[in-house]
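Visitor: what follows is a predicted structure for the sequence shown.
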Protein chains: 2
Amino acid sequence: MKALLTTGEGPFGLSHEEVPDPVAGPGEALVRVRAVSVNRGELALAAVSPAGTRLGWDVAGTVVEAAADGSGPAPGTRVVGLADGAGWSERVALPVSRLAEIPAGVTDEQAAALPVAALTAWYGLRKAGPLLGRTVLVTGAGGGVGRIAVQLAAAAGARVVAWTGSPERGQGLAELGAEVVSTYEEAAGGGSDVLFDSVGGEVLTRAFVTLRRGGVAVVYGNTTRSELVLPPDWGRARPGVSLHNVFLFDEIERQDPGADLGALLGLCAAGRLDPQVAVTAPWDDPAEALKRLEGRSVNGKVVLRLP
Amino acid sequence: MKALLTTGEGPFGLSHEEVPDPVAGPGEALVRVRAVSVNRGELALAAVSPAGTRLGWDVAGTVVEAAADGSGPAPGTRVVGLADGAGWSERVALPVSRLAEIPAGVTDEQAAALPVAALTAWYGLRKAGPLLGRTVLVTGAGGGVGRIAVQLAAAAGARVVAWTGSPERGQGLAELGAEVVSTYEEAAGGGSDVLFDSVGGEVLTRAFVTLRRGGVAVVYGNTTRSELVLPPDWGRARPGVSLHNVFLFDEIERQDPGADLGALLGLCAAGRLDPQVAVTAPWDDPAEALKRLEGRSVNGKVVLRLP
C-alpha cells in the first residue's frame, strides 16, 4: 500500500511510497483510510524527522477487517480513530479503544478533523470542571483546536472570550459561540474563570492575569517556545488558582478516547459542534495546504482526502 | 480584657491594651485563651498595619461559654481554633466549626502551633492526592509550615526531600522523616512527584523542574516576592504537570477546618506529628521571639503563652 513519508526536506517534504500492509494485532481493527487531518504538531515533527518517517494521528475511513476478538466495529462501518503516528496511509491497524463509529450526517472529512484537535479541547476543558455560567478565555482561538474549544465551552454553557493574533483569525468565532472576540493586543473580555492556551509567552501571561479566584489555566502547548512568566502576585491575587499542562498522548492513557470521540461525533451529528474543516486537499498534493496551515492562514482544520 | 495591638512601629511593635470583651455570635463559643502562635504572615501584616490593629489567627485555650445553640464543645473543654485575625487576646469568640478539642497529651502550646501552619500543609498536600510511594519535595522545610509538611508527607507514606536555605535550617528534618535534606544550592534529591513551596523565585523554578510526568506543584506563598519563571518546556517535558495556589483563608470556605484540626490533633496525640514549637515566650514580652522568627532563626513555631 501507499503511505506519506517525509523526504527530510522540511515540514512540507512528503512523498508517496510503497510500504508493507499493516497487520492488525490483538484488539485492533484494520481500516481503509478515506481522509486524514494534519496538525501543526505533525508539521513540526516532519521538519525534524529523517527522510522516510511516517506520520499521521487523525484517520477516518471504513473498517475492512474487524478485531479478531470480535470487539469493536464490524467490517463496512465508517469510523474515525486516533493513530500513534503512521496514519497517513491507505490502511491502518487501530486499537478498537481508539475508534468511534461515524454517525450519519457527519462526513469522513469532518470526522478526520476531530481526534487530536477535539480530544485536546475535550480533555483540556474537562480539567476545569463544570463550565456552566463561567467565563472561558480561549487564546489561539482561530486555529483548529481553538475553534473547537470555543464551541465546546459555549455548548457547555460558558461565556466564551476568544483571543486571536489578528482580526482575520477571529472571523466566524462569534457565530461559533464566542461572546467576545479580541486580539492579543486588545485583550478584551474582562475577568475569566478558565483559560485554555497553547500560545505561551506574553499572551499566556496576559491571559493568566484575567483569571479570578479559583481560576483554572489549561495549557496544551507553547507555540512561541517561551518561558512561562507570571507576576509575583500570581497566586496571592487569585487564591486557589491552578495551571495544568495537558498533552493528548499522555491523557489518553487514563481516558477512554474511543468513547470520547463518540461523544464528540454525537455533538457533530446534533449540529452542536462543527469540526471546522477549512481546507480539503487531495493527499497526493498536500504541500500548498500544509504551507497555509504553517503560516496560520487556515481558520480551522486541514484535511487530506484519499482516493 | 487585654489584647495585643500594633503600635505602628514595625513588625515587632505590639502593646497590651484594654479592649471590649468579645460577644459570642450564633454558633460561636467563647474561649479563654492560654496560648497563641505567631506566623510570618502576621509579622508582615503588623509591619503595614496602622497603630491599634488587632492580629492573631492561632489560639488555644479553654471554652468558657458554649455556643448558644448547644453545638460544639462544653465549657471547660480545652480547644484550639482558627480566628479571623484578632486572636491575640485574653478571650476570643470563635465559630464552633473552626474549633477542635485538644486531646490529652497535647499541650495548649503545641495545639496553638497548629491551625495556620498545619492546615496550610494539610490542604496543600491534599491537592496532590495520595502520597504513598511518591516523592514529595518540600522547600522552606526548616520553618513552621515546612516542618509540619515534612512530617505529614512522611506519615502519608511519601519519600520526602527537604530543601532549606542553609544546613542550620535543616537540623532535625531527617528525624522528622525527610530521606534527603539539602540546601537550595545543592538541590539534591532527584526527581519528584509533588512540590510544596512558599519561597518562589529561583528556588521554585529549580524545584519545579524536578517534577516528573503528572507532577503537582502546590504553592502557598511567595516569600521572595518574585515573578514565577518556568522554562519553555515546563509542560512538554512533564506531561500533565500542574501548579496550584493554596491560600488557607480561601480554602477553609470549602472545607471543614474544625474536623481537619481534630484529625491533626489526633496525629499529634498518636505521636505521628510534632507541632515543632521551637520558641515559647510570654505574651507580654514577645519582641525577641518575633525578631528571631522574622530572621529565620527559629526552626519551627513561635508560641506566646498567656498568664
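Guide: Nice, thanks for sending it over. Numbering: from 1, shown residues only, chains lettered A, B, ... in the order given.
Visitor: from here on, contacts and neighbour counts on C-alpha atoms
Guide: Noted.
Visitor: which ones are touching the spatially closest residue to A:Asp21 that is not a sequence neighbour?
Guide: Spatial nearest neighbour of A:Asp21, chain neighbours left out: A:Met1 (5.8 Å); criterion: C-alpha to C-alpha, 6 or more residues apart in numbering or on different chains. Under the criterion of C-alpha atoms under 8 Å, 6 or more residues apart in numbering or on different chains, the neighbours of A:Met1 are A:Glu18, A:Val19, A:Pro20, A:Asp21, A:Ser89, A:Glu90, A:Arg91.
Visitor: buried among the residues you listed? Make that a PyMOL selection.
Guide: Listed next is the PyMOL selection for buried residues among the contacts of A:Met1, using 16 or more other C-alpha atoms under 10 Å in any protein chain shown:
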select buried, chain A and resi 89+90+91
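Visitor: what's the domain layout of chain A?
Guide: If you go by automatic domain parsing, the domain ranges for chain A are A:2-116+A:255-305, A:128-245.
Visitor: partner strands of the host helix or strand of A:Ala60 and their direction?
Guide: If you go by DSSP states H and E, A:Ala60 is part of strand A:58-65. Strand A:58-65 sits in its sheet next to strand A:28-38 (antiparallel), strand A:78-82 (antiparallel), going by DSSP bridges.
Visitor: CA atoms of that strand as CSV?
Guide: Extracted in CSV, the C-alpha atoms of strand A:58-65 (Å, rounded to 0.1, in the frame of the first residue of the first chain):
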residue,chain,number,x,y,z
ASP,A,58,-6.1,11.5,12.7
VAL,A,59,-7.7,9.0,10.4
ALA,A,60,-11.2,8.3,9.1
GLY,A,61,-12.3,5.5,6.8
THR,A,62,-14.0,2.2,6.7
VAL,A,63,-13.4,-1.0,8.7
VAL,A,64,-12.2,-3.7,6.3
GLU,A,65,-11.3,-6.2,9.0
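Visitor: could you list the residues of chain A in contact with chain B?
Guide: Within chain A, the residues that sit near chain B (C-alpha under 8 Å from any C-alpha of the partner chain) are A:219, A:221-222, A:225-236, A:239-247, A:250-251.
Visitor: can you do 6 Å?
Guide: Within chain A, the positions near chain B by C-alpha under 6 Å from any C-alpha of the partner chain are A:225-232, A:235, A:239-247.
Visitor: low-confidence bits of the stretch 1-150 of chain A, can you list those?
Guide: By pLDDT under 70, the stretch 1-150 of chain A contains no weakly predicted segment.
Visitor: the strands in the stretch 51-200 of chain A, which residues?
Guide: Taking DSSP state E, counting those that start in this stretch to define them, one finds strands in the stretch 51-200 of chain A at A:58-65, A:78-82, A:91-95, A:99-101, A:135-138, A:159-164, A:178-183, A:192-197.
Visitor: same list, the strands paired with strand A:58-65, but as TSV with distance to B:Asp58 and mean neighbour count please.
Guide: Formatted as TSV, the strands paired with strand A:58-65 follow (distance: least, C-alpha to C-alpha, whole Å; neighbours: other C-alpha atoms under 10 Å in any protein chain shown):
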stretch	distance to B:Asp58	mean neighbour count
strand A:28-38	58	27
strand A:78-82	54	29
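Visitor: what's in contact with the strand holding A:Ala60?
Guide: The contact list for strand A:58-65, computed with C-alpha atoms under 6 Å, 6 or more residues apart in numbering or on different chains, reads A:29-37, A:75-82, A:108, A:112, A:115.
Visitor: next, the angle strand A:91-95 makes with that strand.
Guide: Inter-element angle recorded for strand A:58-65 and strand A:91-95: 90 degrees (by axes from the mean of the first three to the mean of the last three C-alpha atoms, to 10 degrees).
Visitor: what's in contact with stretch A:259-266?
Guide: A:Ala100.
Visitor: 8 Å instead, please
Guide: The set of residues external to stretch A:259-266 that reach it, using C-alpha under 8 Å, 6+ apart, is A:81, A:97-103, A:106, A:111, A:114-115, A:118-119, A:273.
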